[in-house]
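Asks: no sequence for this one, just the structure:
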C-alpha cells in the first residue's frame, strides 16, 4: 500500500522525486508541524499520514495552483492533497485486485504525538525544488 | 448564465472550482460541504449543474446523487473525486451522474465536461 501511495505522490505532484529507504517505528508518531490522517478500510486496513513542514506545503500549493496558500486555506489544501494521494492509491490498488475505501481527511496542525497503532512505516519523498514530505502507514497488526 | 452548485468538503477545492468556472462566466449559485447540505441546497437553489465530490463527512457524494435524482430526474451532476477506480465510476453513473472527473484535474477537462453536460 505504501508503494502505491508513493506512486500516487509522484503522479500528483508531477515533479522529479527521490525516495528514501523505509523506516520502521513502534507505537508513537511525533508530528512536528502539519499532517493529515486518512483511515483505510477494506482488503487492507490502517491509517495513512502525510506529514511535513508548512513551508513545504505552501511551496507545493504555489506549484499546484499558482498561489502560495497560508492559514486555513493552506490546511484545506493539505487535506485535499492527502485525499488525492489516498484516492489515487485506492485506484492503483483496485487495478491490482485489492479494494479499499478511505475516510475524509483529518488535518492536524502543530507539534503532537499519535498513539493507538502497533507499527509504523515512514518513507520520506523528496520533491525536487520543493522539499521533503513524509508518507507514513500506521498498522494495527 | 448557467447556475452551478459546487459540492466538496475541502474549501480549497471549492475555491479552485469556483475560480475555474467563474472565469468562464458560470454563476456559482451555492456551495456545500457534504452530501446532505448538497441535497438541501439543490432543493433551494435549483442549479443547472452540480459538481459533486465523493468522500465527504455526514453524507457521501454517491448517496447525494441518488437523492437529488429522486427529487429531479433531470438533474445534471458531474462527479469530481480522487477515487477513480472503475467500481466508483460505475456506482456514480448508476446513481445518475453524467460524467466523472478524477482529481487532480486539468482545468480544460473540467470545462469540457461541463460544456458537454450542459449541452446534452
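Replies: Noted; the coordinates are in hand. None of these values were measured; they are calculated from a predicted model.

Asks: quick one: residue B:107 from residue B:21, how far?
Replies: Residue B:107 is 10 Å from residue B:21, where distance means C-beta to C-beta, to the nearest Å. No exception for glycine: its C-beta is placed from N, CA and C like everyone else's.

Asks: Looking at those two, which is more packed in?
Replies: With neighbours defined as other C-beta atoms under 10 Å in any protein chain shown, residue B:107 and residue B:21 compare such that residue B:21 has more, 21 against 14.

Asks: Using the three-state scheme, assign that one.
Replies: Secondary structure state of residue B:21, per DSSP: H, G, I helix; E, B strand; the rest coil, is helix.

Asks: Contact partners for residue 67?
Replies: Let's take chain A. residue A:61 (C-beta atoms under 8 Å, 6 or more residues apart in numbering or on different chains).

Asks: wait, chain B
Replies: Under the criterion of C-beta under 8 Å, 6+ apart, the neighbours of residue B:67 are B:35, B:39.

Asks: Please report how far it lies from chain A.
Replies: Going from residue B:67 to chain A by C-beta to the nearest C-beta, to the nearest Å gives 19 Å.

Asks: What residues of the helix or strand containing that residue count as buried?
Replies: Assigned by DSSP states H and E, residue B:67 belongs to helix B:61-71. Buried residues in helix B:61-71, counted by 16 or more other C-beta atoms under 10 Å in any protein chain shown: B:61-68.

Asks: Tabulate those (JSON lines), appending pLDDT.
Replies: Shown next, in JSON lines, are these (pLDDT from 0 to 100):
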{"residue": "B:61", "pLDDT": "97"}
{"residue": "B:62", "pLDDT": "97"}
{"residue": "B:63", "pLDDT": "97"}
{"residue": "B:64", "pLDDT": "98"}
{"residue": "B:65", "pLDDT": "98"}
{"residue": "B:66", "pLDDT": "98"}
{"residue": "B:67", "pLDDT": "98"}
{"residue": "B:68", "pLDDT": "98"}
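
Asks: The spatially closest residue to residue B:24 that is not a sequence neighbour is in what secondary structure piece?
Replies: Of all residues not flanking residue B:24 in the chain, residue B:111 sits nearest, at 6.1 Å (C-beta to C-beta, 6 or more residues apart in numbering or on different chains). Taking DSSP H and E as the definition, one finds residue B:111 inside helix B:107-119.

Asks: Whatever residue of chain A ends up closest to chain B - nearest residue in space that isn't next to it in sequence?
Replies: Relative to chain B, the nearest point of chain A is residue A:87 (2.4 Å; C-beta to the nearest C-beta). Once flanking residues are discounted, residue A:87 sits nearest to residue B:82: 2.4 Å by C-beta to C-beta, 6+ apart.

Asks: Please list all residues in contact with that neighbour.
Replies: Taking C-beta under 8 Å, 6+ apart as the test, what residue B:82 contacts is A:83-88, A:91, B:55, B:102-104.

Asks: do residue A:91 as well
Replies: B:82-85, B:102.

Asks: Let me see the ranges of the strands in chain A.
Replies: Remark: strands assigned in chain A by DSSP state E are A:17-19, A:23-26, A:29-31, A:34-42, A:46-52, A:100-102, A:106-109, A:112-114, A:119-127, A:131-139.

Asks: cool, and chain B?
Replies: For chain B, the strands defined by DSSP E occupy B:3-7, B:27-32, B:49-52, B:77-81, B:99-102.

Asks: and the last one, which strands flank it?
Replies: Think strand B:99-102. strand B:77-81 (parallel) (DSSP bridges).
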